[in-house]
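K.L.:
got a predicted structure here, sequence first:
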Amino acid sequence: MTTLGKTPLSHPSLHRLGVVCGLGAGAWLGAAEAPTKLVTVGFSPFLVSLGMVAGVFVARWTVPMLLKGTGYVFQDLREKKHLIVWAILAGMLWAVANTLTVFAIRNVGLSIAFPIWNTNSLIGLLWGWLLFHELRGGGASQWLKVLGGAGAIVAGACLLAYATTSHAAGEAPHRAATLGILAALGAGVLWGTMYIPYRKAYISGMNPLSFVTVFTFGELGTVLSLAILFDGGISQVAAGLTRARPALFWLFLGGFCWVIGDLFQQYAAKYIGIGRGIPLSNTNQLWGLAWGALVFGELRGLDSTAKLWVVAGSLVMIAGAAAISFAEAPEQEQSSWMLAMRRECDRYGLDAVRVAATLRGDDPLAKGRNQTRQAWEWLIMAGALGLFFWLGWGAEKQSITIDRFWMAALIGVTFLFLILCGALLWKRTRFS
């Protein structure tokens with residue numbers, strides 16, 4: 001077991017780390033979608049998406065700078081220039097998918113739309129097997145867990161779609177509900193395909209913090225283009241942002257929360273693969289259901305039968321995601337992962353030994369580097385905080401009924417995941 005071709009890429013501690021990061025991603029991704037409920041008070045879905053992506057853009061620059069420094073990020077990008085275009089493409093896919101989720105939330109509600117677009121795990125599972133050798137050599141038990149989980153996810157999505165279209169209590173026309181479901185499914189397809197650049201980056205040794213820094217340019221450019229194209233041009237978008245000024249803080253905050261969840265999801269994808277990491281992060285459907293039902297009271301408009309279908313569908317999908325995520329990759333499958341890694345190294349002239357080390361949680365790029373932050377980096381951080389304070393100063397309470405007790409409880413648990421995941425990532429990998 002000393003040759004590179006047979007050295008396992010994973011370790012029990014890394015698998016546990018990936019599982020915890022996936023769960024943490026679910027909590028933060030679920031919380032990040034709560035501000036999109038503002039679409040129900042008259043804001044354009046494109047404007048809502050643009051407000052969130054503005055927060056995403058700021059977070060994707062400041063968080064990597066805080067954790068690793070821009071010098072580290074720029075050196076990582078220089079060594080892997082071929083991945084820059086893949087990161088931008090992933091950001092573009094994310095932007096379109098995120099906009100579709102806003103339409104889905106508007107038409108069918110957060111607690112319904114969330115589990116439907118989480119069929120992205122099926123798409124990610126397919127691409128992981130087809131392109132990156134995931135599950136190959138995993139054995140019958142691994143296939144049974146993964147395929148059984150995939151079937152449960154599909155069944156759960158069907159239950160939720162049935163509950164929405166057949167038992168809605170008159171809150172939305174049938175056509176609107178159908179369009180909402182299609183938007184959620186479309187988002188799932190795009191997000192599932194977005195994981196191709198994720199996995200390609202990480203089996204090439206790129207740090208997730210570097211990847212998301214470039215990723216954000218594709219996000220912001222695409223969402224801005226969509227808003228200008230479909231919301232009446234630059235002048236109308238500017239006017240819409242002015243009108244939405246009292247609500248921009250909440251959208252900006254939602255985007256910032258999304259980045260934290262996405263970073264945990266990226267680390268899960270890096271250490272346990274997209275076929276396992278993405279379904280695990282899709283426990284955000286449970287958080288979406290909790291925010292929608294407990295905080296915003298979405299299920300009050302449904303009859304008891306519809307509520308039963310919603311809860312049953314969510315539980316079935318969660319069970320399916322759990323079955324997939326706990327299928328730990330055996331040594332034979334890790335050898336197949338190694339073949340995919342060697343393919344990328346040969347194609348782009350990368351150091352295979354160094355890349356393998358990054359996949360085991362080491363950080364060769366950080367060795368011997370000066371970790372001192374430059375003065376201009378702290379100025380950028382101060383500017384980001386200043387923007388938060390400025391938006392918060394002008395924020396106003398929105399005309400949405402919420403349950404303050406459940407909101408406080410969900411926020412508290414979400415921050416516990418932040419502390420746990422951050423501490424484990426630092427201790428085991430130094431955010432490699």
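P.N.:
Cool, the structure landed. Numbering: from 1, shown residues only.

K.L.:
can you pull out the low-pLDDT segments for the chain?
P.N.:
Within the chain, the stretches with pLDDT under 70 are 1-12, 36-42, 110-111, 161, 164-175, 368.

K.L.:
strands of that one, start to end?
P.N.:
Counting by DSSP state E, no segments of the chain form strands.

K.L.:
tell me the centre residue of it?
P.N.:
Nearest to the mean C-alpha position of the chain, by C-alpha atoms, centre = their mean, lies Asp262 at 3.8 Å.

K.L.:
that one and Val214, how far apart?
P.N.:
Going from Asp262 to Val214 by C-beta to C-beta, to the nearest Å gives 14 Å. Backbone N, C-alpha and C define where each C-beta goes, glycine included.

K.L.:
what do you get for Arg16?
P.N.:
Taking C-beta to C-beta as the measure, Arg16 falls 29 Å from Val214.

K.L.:
of those two, who's got more company?
P.N.:
A direct count of neighbours by other C-beta atoms under 10 Å for Arg16 and Val214 places Val214 higher, at 21 against 15.

K.L.:
ok, now how distant is that one from Gly297?
P.N.:
Using C-beta to C-beta, Val214 is found at 40 Å from Gly297.

K.L.:
same deal with Gly275?
P.N.:
In this view, Gly275 and Gly297 are 36 Å apart by C-beta to C-beta.

K.L.:
mind listing the helices for the stretch 101-250 of the chain?
P.N.:
For the stretch 101-250 of the chain, applying DSSP state H, counting those that start in this stretch gives helices covering 110-117, 120-132, 139-167, 174-202, 208-230, 234-243, 245-272.

K.L.:
chain center to the third one, what's the gap?
P.N.:
Spelled out, that is helix 139-167. Distance of helix 139-167 from its chain centroid, counting by C-alpha atoms, centre = their mean, to the nearest Å, is 20 Å.

K.L.:
still on that earlier bit, pretty sure the residue nearest to the centre of the chain is touching Ala25, no?
P.N.:
Yes. In this structure, Asp262 is within contact of Ala25 by C-beta atoms under 8 Å, at 7.1 Å.

K.L.:
what about Arg342, distance to Tyr348?
P.N.:
From Arg342 to Tyr348 the distance is 11 Å (C-beta to C-beta).

K.L.:
these two: who's more crowded?
P.N.:
The residue with more neighbours, out of Arg342 and Tyr348, is Arg342; 17 against 12, by other C-beta under 10 Å.

K.L.:
surely that one touches Leu350?
P.N.:
No. Using C-beta under 8 Å, Arg342 is not in contact with Leu350, being 9.6 Å away.

K.L.:
give the residues shared as contacts by these two.
P.N.:
Residues touching both Arg342 and Leu350 (C-beta atoms under 8 Å, 6 or more residues apart in numbering): none.

K.L.:
residues in contact with the residue lying closest to Asn98 once chain neighbours are set aside?
P.N.:
Distance criterion C-beta to C-beta, 6 or more residues apart in numbering; nearest residue to Asn98, sequence neighbours excluded, is Ser49 at 5.5 Å. For Ser49, the contact set (C-beta under 8 Å, 6+ apart) comprises Ala95, Asn98, Thr99, Val102, Val223, Leu226, Ala227.

K.L.:
and of these, the nearest to Pro197?
P.N.:
Ala95 (13.5 Å; C-beta to C-beta).

K.L.:
gap between that closest one and Leu226?
P.N.:
Ala95 is 7 Å from Leu226, by C-beta to C-beta.

K.L.:
so which of these two has more stuff around it?
P.N.:
Ranked by neighbour count (other C-beta under 10 Å), Ala95 and Leu226 place Ala95 first, with 27 against 17.

K.L.:
surely Leu89 is in contact with Gly218?
P.N.:
Yes. Leu89 sits in contact with Gly218 when judged by C-beta under 8 Å, with a separation of 6.3 Å.

K.L.:
ok, the two, which is more surrounded?
P.N.:
Set Leu89 next to Gly218 and count neighbours by other C-beta under 10 Å: Gly218 wins out with 22 against 16.

K.L.:
Gly91 is in contact with the more buried one, correct?
P.N.:
Yes. With contact defined as C-beta under 8 Å, Gly218 and Gly91 form a contacting pair (2.5 Å).

K.L.:
list the contacts of Leu89.
P.N.:
Here Leu89 is in contact with Pro197, Gly218 (criterion: C-beta under 8 Å, 6+ apart).

K.L.:
rerun that using 6 Å as the cut-off
P.N.:
Pro197 (C-beta atoms under 6 Å, 6 or more residues apart in numbering).
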